[in-house]
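Asks: Next come a sequence and a model predicted from it.
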Amino acid sequence: MPVDHRRIQGPECSEDYRKPKNLDAALLKKGGRRADGRKCGEQRKIFLKPGVVSQAKGSAYIELDHTKVICSVFDPREKASRNVEQQTVRGEIFCEFKFASFSGVQRRSHQQEADDKEYSLLLKNALEPAVCLHEFPNFQVDVQVLVLQDDGSSLAAAITCAGLALADAAVPMYDLPVGLSKAFTGDTEFYDPTGAEERLCLRGVDGESDHGVFTVGFLPTFNQVSQLFHSGHISPDRFEKMISEVGTLAAEVHKAVQAILLSAVKSSIDSSNNSKLLL
Amino acid sequence: MADILLSEAEKTFILHGVRDNVRNDGRSCSEFRPIELELGLVENANGSARVRLANTDVLVAVKCEIDNPSSNFPDEGKLDFFVDCSANATPQFEGKGGEQLAVELAALMSRAYQTRESFNLSTLSIIKGMKCWKLCIDVLILECGGSLIDAISMGTKAALADTKIPKVSVIGSDEGSLELELADEADGREEPLDWHHAPCLVTLNKLEDSLLVDASAEEEACCAAALIVGVSPNKKITTTSIPGHGSFLADSKVFTRALNLAVDVGVKLNTALEAAIKKHQTLKPPPRGFLD
């Protein structure tokens, strides 16, 4: 996204008239079901589609109920290196993460804000261990992620989506990275939280000391955690216990991504066979 | 971080030493390098601190401004982090070079201080829904020698301890117009912040099976993965992050060791830092040159 260095933006003084919907903590205790009817350990239904952007080398679109993320991956291009000494034997992934201006209740700037830049770095750290960087030395692969609608777990969705987009772009990889997120407050744990659940758990409920949200970037085949991003207040034992559950939770998402990738490859082979027949 | 080029022989030397729990400078794997702390250096700031951790030099200043609270949290103040990687530290930080690192560090610090258990923002409120204090925490990196985030977190905690906010009283209750009266410095009516629960961030670098605390720049160049853990004085974890391109085995044994070590070291660091701050505040050492 081009950054405008010449103009100085005045302070924003207008605000959206709506406030983001917040959850009432008391509702969670009744019946054990969340606001959208899921159980605490249930993932939202995933819709994943590769090859949605025709101009990009590879792309993918993911929908987790109301969270919608699109990712495009472009051909490797030569890295603009500042120092001649910085020529290395490794390539680079350049990630750009952006929340669209209309993705949340409050309008966001069309240029990258602080949290967009933070998420770009986190996404890069999550994807790098999965990609064979030595296969394209001195080149960089651009990964552009755009969150069209944010209803919680957008970084986790972006990791999964970017993984599929990289595979769709035929970038050599060791594994398909998968993103997961969990929010917790007191004894309640929400797997794949919605925006309201995330906000509740970041604030914490009065009287409950442990609370927070964490996002994990996971490589299922090698059982490696490539990114562990957490914010909150938690005891170390509780934290370890949650990390140990990550493997089983990721397996479900991983299977879905693999199945989709397989069917995409099969259909592209079929269509190329058909076009040969026409000739 | 500044790039260090190491030969394979140097890396092997470091690795063999670490296996025997001995590092190049004689420390064990869980020891910090000597830390120097100075408070109250910057006259124009409400609070400041300088931390020197061996080769890493960080200057943190806190400035207080009166601001309107956000409409989502009308009874809370604001905390804003800004990190400046100065070109003094290394020529790679010239111009835009240090921007990415600066963004990463600032984001990590804001996340560590995000919850009210770490820092209670409601103590910064002046008039609910109308006026609040905004603490602008500016970090200047003067020298870069490994363990940047550790030094920054210590400096931030110390600077917050040094910060005094003038007491504010509301005079005049005409409808719609409010006047705030700030106590003068000379009156001595300044109150300190509640900084005791602020976290310290500890970076653990993983070299084969060992975990290194406070890795020097050479050791960082050898390590495959790192884990940053924010630890508050009551043994809770406020933030974690895996920087760089490393990854960890999702084996709970690895994380158990890493988290336990981080919490252990973090709590000790918090205690030592509090003791040093208290000593500095009671003894009031004589003024020295800025970078003496």
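Replies: Yes, it's here.
Asks: any idea which residue sits dead centre in chain A?
Replies: The residue lying closest to the centre of chain A (C-alpha atoms, centre = their mean) is residue A:158, at 2.1 Å.
Asks: what about it, helix or strand, and which?
Replies: Using DSSP states H and E, residue A:158 falls within helix A:154-168.
Asks: list the helices and strands whichever helix or strand comes after that helix packs on?
Replies: Counting by DSSP H and E, the next helix or strand C-terminal to helix A:154-168 is strand A:178-185. In this structure, strand A:178-185 makes packing contacts with helix A:154-168, strand A:188-191, helix A:195-203, strand A:211-219, helix A:236-278, judged by 3 or more C-beta pairs under 8 Å, 6 or more residues apart in numbering or on different chains; DSSP states H and E. Where C-beta positions appear, they are placed from N, C-alpha and C, glycine not excepted.
Asks: in strand A:178-185, what's buried?
Replies: Residues A:178, A:179, A:180, A:181, A:182, A:183, A:184, A:185 are the ones in strand A:178-185 that count as buried (16 or more other C-beta atoms under 10 Å in any protein chain shown).
Asks: Residue numbers of the stretch 151-279 of chain A in contact with chain B?
Replies: With C-beta under 8 Å from any C-beta of the partner chain as the criterion, the stretch 151-279 of chain A meets chain B at residues A:202-204, A:209-212, A:214, A:218-219, A:222-236, A:239-241, A:243-244, A:246-247.
Asks: Can you turn the buried part of those into a ChimeraX selection?
Replies: Entered in ChimeraX, the line below selects the buried ones among those, by 16+ other C-beta under 10 Å:
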select /A:202,203,204,210,211,212,214,218,219,223,224,225,226,227,228,229,230,231,232,233,234,235,236,239,240,243,246,247
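Asks: where does chain A have low pLDDT?
Replies: A:1-12, A:23-32, A:80-87, A:207-208, A:276-279 (pLDDT under 70).
Asks: If we use 50, what do you get?
Replies: Scanning chain A for pLDDT under 50 picks out no residues.
Asks: cool, the stretch 1-150 of chain B as well?
Replies: B:1-2.
Asks: for the residue in it that chain A sits nearest to, phi and psi?
Replies: Chain A sits closest to residue B:107 of the stretch 1-150 of chain B, with a gap of 3.6 Å, by C-beta to the nearest C-beta. For residue B:107, the backbone dihedrals (degrees, to the nearest 10) come out as phi -60, psi -40.
Asks: Repeat that for the one 10 residues further on.
Replies: Backbone torsions of residue B:117, given as degrees, to the nearest 10, read phi -70, psi -30.
Asks: Count the residues that sit near it.
Replies: As a burial measure, residue B:117 scores 18 neighbours (other C-beta atoms under 10 Å in any protein chain shown).
Asks: Get me the contact residues on the stretch 51-200 of chain B for chain A.
Replies: B:71-72, B:92, B:97, B:100, B:103-104, B:106-107, B:110-112, B:114-118.
Asks: go again using 6 Å as the cut-off
Replies: B:103, B:104, B:107, B:111, B:114, B:115, B:117 (C-beta under 6 Å from any C-beta of the partner chain).
Asks: taking these one by one, which sit in helices?
Replies: B:103, B:104, B:107, B:111 (DSSP state H).
Asks: Those into CSV, with extra columns for distance to residue A:96?
Replies: Supplementary listing: those in CSV, determined by distance: C-beta to C-beta, whole Å:
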residue, distance to residue A:96
B:103, 13
B:104, 15
B:107, 15
B:111, 20
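Asks: could you dump those residues to TSV with distance to residue B:56 and neighbour count?
Replies: Below are those laid out as TSV (distance: C-beta to C-beta, whole Å; neighbours: other C-beta atoms under 10 Å in any protein chain shown):
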residue	distance to residue B:56	neighbour count
B:103	19	19
B:104	16	22
B:107	19	22
B:111	21	24
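Asks: My read is that the residue of the stretch 1-150 of chain B closest to chain A contacts residue A:118, right?
Replies: Yes: using C-beta atoms under 6 Å, residue B:107 is in contact with residue A:118, at 3.6 Å.
Asks: Could I get the full set of helices for the stretch 1-150 of chain A?
Replies: A:26-29, A:114-127 (DSSP state H, counting those that start in this stretch).
Asks: Of those helices, which is nearest chain B?
Replies: That would be helix A:114-127 among these, by C-beta to the nearest C-beta, at 3.6 Å.
Asks: Give me the residues contacting the closest one.
Replies: Helix A:114-127 is contacted from outside by A:93, A:95-98, A:155, A:158-159, A:162, A:177, A:217, A:226-227, A:229, B:103-104, B:107, using C-beta atoms under 6 Å, 6 or more residues apart in numbering or on different chains.
Asks: before we move on, what about stretch B:115-130?
Replies: A:232-233, B:74-77, B:113, B:132-133, B:168, B:194, B:197-199, B:232, B:238.
Asks: Write the PyMOL selection for whichever of those are buried.
Replies: Entered in PyMOL, the line below selects the buried ones among these, by 16+ other C-beta under 10 Å:
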select buried, (chain A and resi 232+233) or (chain B and resi 76+77+113+132+133+168+197+198+199+232+238)
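Asks: So which of the contacts of stretch B:115-130 are in strands?
Replies: Cross-referencing these against strands under DSSP state E gives A:232, A:233, B:132, B:133, B:168, B:238.
Asks: Surely the third one is in contact with residue B:74?
Replies: Pointing back at residue B:132 there. No: Residue B:132 sits out of contact with residue B:74 when judged by C-beta under 6 Å, with a separation of 8.5 Å.
Asks: From the chain's centroid, how far away is the lengthiest helix in chain B?
Replies: Longest helix in chain B, counting residues (DSSP H): helix B:252-283. Helix B:252-283 has its C-alpha centroid displaced from the chain centroid by 13 Å (C-alpha atoms, centre = their mean, to the nearest Å).
Asks: ok, now how distant is residue A:60 from chain B?
Replies: 22 Å (C-beta to the nearest C-beta, to the nearest Å).
Asks: Who does that residue form a beta bridge with?
Replies: residue A:50, residue A:71 (DSSP bridges).
Asks: so who does it touch?
Replies: Residue A:60 touches A:50, A:71, A:161, A:164, A:165, counting by C-beta under 6 Å, 6+ apart.
Asks: So what touches stretch A:228-245?
Replies: By C-beta under 6 Å, 6+ apart, stretch A:228-245 touches A:122, A:210-216, B:111, B:114-115, B:117, B:236-242, B:252, B:255-256, B:259, B:263.
Asks: now swap in stretch B:242-260 and tell me
Replies: By C-beta under 6 Å, 6+ apart, stretch B:242-260 touches A:128-129, A:223-228, A:236, A:240, A:243-244, A:246-247, B:204, B:211, B:224-227.
Asks: Inside strands: which ones of these?
Replies: A:224, A:225, A:226, A:227, A:228, B:204, B:211, B:225, B:226, B:227.
Asks: Tell me the one among the residues you listed nearest to residue B:140.
Replies: residue B:226 (23.2 Å; C-beta to C-beta).
Asks: So what's the residue count around the closest residue to the closest one other than its chain neighbours?
Replies: Nearest residue to residue B:226, sequence neighbours excluded (C-beta to C-beta, 6 or more residues apart in numbering or on different chains): residue B:205, at 4.8 Å. Residues within reach of residue B:205, counting by other C-beta under 10 Å, total 27.
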